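J.: Here is a sequence together with a model predicted from it:
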Amino acid sequence: MDENNEVFSMLKHFLPDQHVKNIFEITPESLKAKGVKGIITDLDNTLVEWDRPLATPKLIKWFEEMKHQNIKVTIVSNNKENRVKAFSEPLGIPFIFQARKPMTKAFNRALGEMGLKKEETVVIGDQLLTDVLGGNRSGFHTILVVPVAQTDGFVTRFNRKVERRILNWFRKKGKIQWED
């Protein structure tokens, strides 16, 4: 095995199956066409800015469209209970806090609570090191979104530096074609 293949086999768990600019590019119609019945989504910088306490009107409409089309949504976040609960409860969206992503336990718990199969569920998030890695390790179709905010908390800032290096490697090797 040559060095490039060795590196790729190590990094492939960081490669999302799909990439979109934002959550709103993910429609119930596109999901249903792929047989998707459920979404496991990150919260901070995926759905809203990490420092925005509540959903925007546009996001509320997106959740309503998913619900109307019988697509279940569960928020899985590494953040604390008070943050995730305050965001999710007014929307009636199930959630898991302190998920410890990329560990797989929270992804599998969300799947069980939704009563779906892995092939019927997608994982959406803005980070390779937590959302994509955890979703891929758990066997889900993963969708990477561009972060909503340009700022991050301390740990996420560190993760973003590592992610840039991984994404640059994928880009140089022709594994991804999208722009930053």
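T.: Good, I have the coordinates. Note that the coordinates shown come from a computational prediction; the quantities given were computed from them, not determined experimentally.

J.: which helix in this structure runs the most residues?
T.: helix 154-172 (DSSP state H).

J.: what's that one packed up against?
T.: The contact analysis (3 or more C-beta pairs under 8 Å, 6 or more residues apart in numbering; DSSP states H and E) places helix 154-172 against helix 3-11. Quick note: C-beta positions are derived from backbone N, CA and C, even for glycine.

J.: State the next helix or strand along the chain beyond the helix it packs on.
T.: Using DSSP states H and E, the helix or strand that directly follows helix 3-11 along the chain is strand 18-20.

J.: any idea of the mean pLDDT for that following strand?
T.: What strand 18-20 shows for mean pLDDT is 94.

J.: and that strand, what does it pack onto?
T.: By 3+ C-beta pairs under 8 Å, 6+ apart, strand 18-20 packs against strand 141-145.

J.: strands paired with the strand it packs on, and their directions?
T.: strand 18-20 (parallel), strand 121-125 (parallel) (DSSP bridges).

J.: Skipping adjacent residues, who's closest to F170 in space?
T.: Once flanking residues are discounted, F170 sits nearest to I176: 4.6 Å by C-beta to C-beta, 6 or more residues apart in numbering.

J.: so where do the helices sit in this protein?
T.: 3-11, 28-33, 57-68, 81-88, 105-114, 133-137, 154-172.

J.: who touches the residue nearest to F170 in this structure?
T.: Residues near I176 by C-beta atoms under 8 Å, 6 or more residues apart in numbering: 15, 19, 167, 170.

J.: Is V162 in contact with Q127, as I believe?
T.: No: when contacts are counted by C-beta atoms under 8 Å, V162 is not listed as touching Q127 (9.9 Å).

J.: intersection of neighbour lists for the two?
T.: In contact with both V162 and Q127: no residue, using C-beta under 8 Å, 6+ apart.

J.: Those two: who's more crowded?
T.: Q127 (26 against 13; other C-beta atoms under 10 Å).

J.: Please name the bridge partners of D44.
T.: Applying DSSP bridges, one finds that D44 bridges with V48.

J.: if I look at it, how far off is R164?
T.: According to C-beta to C-beta, to the nearest Å, D44 and R164 sit 19 Å apart.

J.: again, but for L111
T.: Going from L111 to R164 by C-beta to C-beta gives 30 Å.

J.: More neighbours: which of those two?
T.: Comparing L111 with R164 by other C-beta under 10 Å, the one with more neighbours is L111, at 22 against 12.

J.: so who does the closest residue to the more buried one other than its chain neighbours touch?
T.: Distance criterion C-beta to C-beta, 6+ apart; nearest residue to L111, sequence neighbours excluded, is T121 at 5.9 Å. T121 makes contacts with 36-40, 111, 114, 140-141, as judged by C-beta under 8 Å, 6+ apart.

J.: give me that answer again for 10 Å
T.: 31, 35-40, 71-72, 74, 107, 110-111, 114, 135, 138-141 (C-beta atoms under 10 Å, 6 or more residues apart in numbering).
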